[in-house]
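Peer 1: Quick one, what's the 3D model for this:
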Amino acid sequence: YLKALDDIKKNFDIKEWKEARSAPVEYLGQNIQQFDEKIVKDMSNYIQKLEPLAIPKETGSRDVTEDERSDLRSLLYKMRWPAMKVVPEVAYDVNRGTQELHRATLETMRECNRVLSRMQDLDKKGEARVTFKPIDLGDPVLISCLDASRGNETGRKSQEAFVSLLTDSKALKEEHNVNM
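Peer 2: Numbering: from 1, shown residues only. Model prediction:
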């Protein structure tokens, strides 16, 4: 650990160091805590502070006003951060919402609130977190996976997902720790 820390300090100009050994450290909305055999990152405080959109009590749907579009954009962009960092289960829905901003309706706002509710429920269940487990850095293996749906979305749109996993060669032979 200390050698890695020294190497990082030699090669990078990092202004502030925070060690998450004894208690969680909050950094950019993320809570990070190191335990003996793992590091856990969550964004519970950030996620639970997000407020749903105020939606008019109208039946049916209509195009949103510019103020409503601004509120929708703001919430979607706030939701993107945890979706990318700790709740990938909602990443597609958040991205789809941002794609609909230019033609948003009241139903788009309702759907955004449903996605926020799902994100907050996952967080309350302890499922909106990432756990990093130890691997042998002397024998690293990087595994990359791609899943694409080119031209299969409505309007011939495409989507794709890419993930990289860091592990060691044990994972190629048996069940072993893998970090995303």
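Peer 1: Centre of the protein to the edge, which residue is at the far end?
Peer 2: When distances are taken from the C-alpha mean of the chain, Thr59 lies farthest, 32.8 Å away, according to C-alpha atoms, centre = their mean.
Peer 1: per-residue confidence at that one?
Peer 2: Looking at Thr59, its pLDDT reads 78.
Peer 1: now it: how far from Cys112?
Peer 2: Going from Thr59 to Cys112 by C-beta to C-beta, to the nearest Å gives 18 Å. (C-beta placed from N, C-alpha, C; glycine too.)
Peer 1: wait, Asp139 sits on Ala171?
Peer 2: No: using C-beta atoms under 8 Å, Asp139 makes no contact with Ala171, being 10.2 Å away.
Peer 1: Comparing those two, which shows the higher neighbour count?
Peer 2: Neighbours per residue, other C-beta atoms under 10 Å: of Asp139 and Ala171, the larger number sits with Ala171, 16 against 10.
Peer 1: just checking, the more buried one is part of a helix?
Peer 2: Yes: counting by DSSP: H, G, I helix; E, B strand; the rest coil, Ala171 is located in a helix.
Peer 1: For the chain, which element, helix or strand, carries the lowest mean pLDDT?
Peer 2: strand 159-168 (a mean of 76; mean pLDDT, DSSP states H and E).
Peer 1: all helices of the protein, in order?
Peer 2: 2-11, 44-49, 66-85, 91-99, 106-124 (DSSP state H).
Peer 1: Check the ones you listed for me: which has the lowest mean pLDDT.
Peer 2: helix 2-11 (a mean of 81).
Peer 1: What is the least confident helix or strand of the chain packed up against?
Peer 2: For strand 159-168, the packing partners by 3 or more C-beta pairs under 8 Å, 6 or more residues apart in numbering; DSSP states H and E come out as strand 140-149.
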